[in-house]
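In: any chance you can model this:
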Amino acid sequence: MRFLLLLVVFVVPGCALTPIPDPVTDAEVAAADALDVAGPVDDVLDAVAEVIGCAYQCPPSQTCAGTECVTKACAADLECNDSGNTDEPAHFCLHGKCAGYQCAADADCAAPQKCNTLTYKCYAPPTGCTYDAMCADADGCTTDTCDKATGACKHALAAGCCKVDGDCGSSSACILATCKSGQCDWQAKANCCQVSSDCADGNPCTADTCAGGQCTNPAVAGCCLNAGQCDDNDASSVDTCGQNHCIHQWAGIAVTCASAGDCPGNSCLSGECLGGQCSYTPKAGTGCCTSDDACMVNKACQVDTCTAHLCAHTPVTGAGTHVWWHFDASMEGWIADMAHPTAYFHKTSLVYVKGGGALRFGIPDQVSFETGNANKGAALSGAFTVPGAPSQLKGWIYLDVEPGTAVHLAGIDLVSAGVTTPLWSKLKDLNGSTTGQAWKPFAVDISAWSGKSVQLKAWFDQVKYDTSNKAKMGFVLDELEVVGSCP
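Out: A predicted model of the protein is given here:
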């Protein structure tokens, strides 16, 4: 029989209330009876706990150790709750699962790993930064961020900010980028280009190109604006400009065309058809020429000409050339007496009428004939037969010496059978003067020696040394020619 106990508490002024202990469970009472324990309730409960362990039933993931519920070891999830199973190595229960055990403290993990005491797992603590604020560098010109994947701080220049000119690089070659007081400054370059069309100069004879921001307009080969730009320095050609192409034509070969086949040219000229006009380009080869001089073979009574870049040799009747000395490649049989080893007659290219060479008395390769001594020299030609009358010696003279006859003398003699006869001299033909640093032609009749073998002698005589004439060319002869009757 159970009785309902009504406990009435009277409150007496000035007296403190005594807390009523929690009701004692049936199990605790039974345990106390078995232990025959009596006394205050707390003492009773402590005694009971030592016998029955934890005061309340522990959850599935824990076990009672003494008087406390603690995490229990396990072999499978089933031991931690009532569902599931796993083959994972079992160590202890965690959140209803049987979790693997790695550590209980940092010392159980290989450095630099640490122990997570909530999961009892080793982990690698983050290195470097973990959020943007950790990367602040106090530089107002950078945007500071943290790459959380790598833990590395990044400091990108803010727009418009710089430290050196290179921070302000521009993708345009026409922009000059500089850093001034931490700020980028961009200025357009003068006369700069970005594409070739920026360089168009309106001239069809130039190629318009843009490279590195700078325009170049090189000339297009063979292009012309007018005939004056097409001169090929060949007196026998007709040079014109058509449709911005130079047209070069010669007499005796095709002029108009419909195709390249209409402009066959010759062995020394290749042809092409340009806008209905044949144009020819010289080719190299034996017998090809650019002037009459290139065709000279020094055969008596023969005219040597260059026509359409081909040499032609035509016999002459009446008066014609028998001997011709050009002095372009050598002295052509003339022999110098070498009276002085420094200044003497020699083949020179310093000054000439045409062809590239002449016979000169002076110091080779120097515009001077002064050696510090009063010297003289001569040169003698090979023997030749004077042609039938009328015959003459003609040529060109360049006399650059001191005027008068007291210092310098020069002349040309004819030598026959040991007898020397003056043909031309500074004293007789120039009255002691000079040619004024210019080429002057001369001609002397030599009919009196027709049919005789003769030689020519060029000579120079420095009567006395004069220091005022160091930069003078001296005595020079070119294109000496013996003419006379031809069959």
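
In: now do the strands in the stretch 301-450 of the chain.
Out: With DSSP state E, counting those that start in this stretch as the definition, the stretch 301-450 of the chain shows strands at residue ranges 302-307, 310-315, 318-325, 335-336, 344-348, 358-362, 376-380, 384-385, 392-400, 408-416, 419-425, 440-445.

In: which of those strands sits closest to Tyr280?
Out: Of all these, strand 310-315 sits nearest to Tyr280, with 11.7 Å by Cβ to Cβ. Where you see a C-beta, it was placed from the backbone N, CA and C, and this is true even at glycine.

In: tell me which strands and helices that closest one is in contact with?
Out: The criterion is 3 or more Cβ pairs under 8 Å, 6 or more residues apart in numbering; DSSP states H and E, and the helices and strands that strand 310-315 contacts are strand 302-307.

In: return the strand it packs on as CSV; C-alpha atoms alone will do.
Out: What follows is strand 302-307 as a C-alpha-only set of coordinates in CSV (Å, rounded to 0.1, in the frame of the first residue of the first chain):
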residue,chain,number,x,y,z
GLN,A,302,87.6,50.2,-138.2
VAL,A,303,84.8,52.0,-136.3
ASP,A,304,83.9,50.2,-133.1
THR,A,305,80.4,51.0,-131.8
CYS,A,306,77.9,49.7,-129.1
THR,A,307,74.4,49.3,-130.4
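
In: residues making contact with stretch 317-332?
Out: 293, 296, 298, 300-303, 333-334, 345-347, 352, 355-359, 379, 381, 384-385, 387, 390-391, 477-487 (Cβ atoms under 8 Å, 6 or more residues apart in numbering).

In: now it: how far from the chain's centre is it?
Out: On the basis of Cα atoms, centre = their mean, to the nearest Å, stretch 317-332 sits 53 Å off its chain's mean C-alpha point.

In: quick check: buried residues in that stretch?
Out: Residues of stretch 317-332 classed as buried: 319-328, 331-332 (neighbour count, 16 or more other Cβ atoms under 10 Å).

In: out of the residues you listed, the closest to Gly151 would be?
Out: The closest of those to Gly151 turns out to be Asp328 (Cβ to Cβ; 85.7 Å).

In: give me the below-cutoff pLDDT ranges for the stretch 51-200 of the chain.
Out: Across the stretch 51-200 of the chain, the ranges flagged by pLDDT under 70 are 51-52, 60-61, 71-72, 75-78, 81-92, 94-96, 160, 170-171.

In: need the contact list for the nearest residue to Gly265 once chain neighbours are set aside.
Out: For Gly265, the nearest residue in space outside its immediate sequence neighbours is Gly271; the separation is 3.9 Å by Cβ to Cβ, 6 or more residues apart in numbering. Contact analysis of Gly271 by Cβ under 8 Å, 6+ apart lists 253-254, 260, 263-265, 278-281.

In: mind doing that once more with 10 Å?
Out: Residues near Gly271 by Cβ atoms under 10 Å, 6 or more residues apart in numbering: 248-249, 253-254, 257, 260-265, 278-281.

In: now do Lys452
Out: 384-386, 414, 416-417, 446.

In: count of neighbours near Pro387?
Out: Residue neighbour count, defined by other Cβ atoms under 10 Å, stands at 25 for Pro387.

In: could you measure from it over to Trp449?
Out: As for Pro387, its distance to Trp449 is 10 Å (criterion: Cβ to Cβ, to the nearest Å).

In: and what of Ala410?
Out: Between Ala410 and Trp449 the distance, using Cβ to Cβ, works out to 22 Å.

In: higher neighbour count, those two?
Out: Neighbour comparison, Ala410 and Trp449: the larger count goes to Ala410, with 24 against 19 (by other Cβ under 10 Å).

In: hang on, the more buried one packs against Pro422?
Out: No: when contacts are counted by Cβ atoms under 10 Å, Ala410 is not listed as touching Pro422 (11.2 Å).

In: find residues that contact each of these two.
Out: Common contact partners of Ala410 and Pro422 (Cβ under 10 Å, 6+ apart): Trp459.

In: thinking again about what came up before, can you tell me which of the buried residues of stretch 317-332 is nearest Cys168?
Out: Asp328 (64.3 Å).

In: ok, now which ones touch the nearest residue to Pro125 once chain neighbours are set aside?
Out: Excluding the flanking residues, the one nearest Pro125 by Cβ to Cβ, 6+ apart is Lys114, at 5.3 Å. Taking Cβ under 10 Å, 6+ apart as the contact definition, Lys114 lies against 103, 105-106, 108, 121-125.

In: check what pLDDT the closest residue to Gly356 other than its chain neighbours gets.
Out: Computed as Cβ to Cβ, 6+ apart, the closest residue to Gly356 that is not its neighbour in sequence is Asp328, at 5.0 Å. As summarised for this prediction, Asp328 has a pLDDT of 92.

In: repeat that for His248.
Out: Model confidence at His248, given as pLDDT, is 93.

In: mind checking the SS state of Ala156?
Out: With DSSP: H, G, I helix; E, B strand; the rest coil as the basis, Ala156 sits in strand.

In: that one touches Asp147, doesn't it?
Out: No: counting by Cβ under 10 Å, Ala156 does not reach Asp147; the two are 11.5 Å apart.

In: run a quick neighbour tally on the closest residue to Pro441 other than its chain neighbours.
Out: With Cβ to Cβ, 6+ apart as the criterion, Pro441 has its nearest non-adjacent residue at 5.5 Å, and that residue is Trp396. The local packing count at Trp396 equals 19, with neighbours defined by other Cβ under 10 Å.

In: likewise for Pro422?
Out: Neighbours of Pro422 under the rule other Cβ under 10 Å: 15.

In: so it sits right up against Lys428, yeah?
Out: Yes: under the criterion of Cβ under 10 Å, Pro422 is in contact with Lys428, at a separation of 7.1 Å.

In: so what's the residue nearest to Pro441 up against?
Out: By Cβ under 10 Å, 6+ apart, Trp396 lies in contact with 352-354, 358, 435, 439-442, 476-481.

In: in helices only, show me those residues.
Out: Under the assignment DSSP state H, the contacts of Trp396 contribute nothing to helices.

In: where's the dip in pLDDT among those residues?
Out: Ranked by pLDDT, the contacts of Trp396 bottom out at Lys354 (89).

In: list the contacts for the residue nearest to that one when sequence neighbours are not counted?
Out: Distances taken as Cβ to Cβ, 6+ apart put Asp293 closest to Lys354, at 6.3 Å, once the chain neighbours are dropped. Contact analysis of Asp293 by Cβ under 10 Å, 6+ apart lists 304, 306, 324, 326, 328, 354-356, 479.

In: just the closest of these to Lys470, please.
Out: After measuring the contacts of Asp293 against Lys470 - Cβ to Cβ - the closest member comes out as Gly356, at 25.9 Å.
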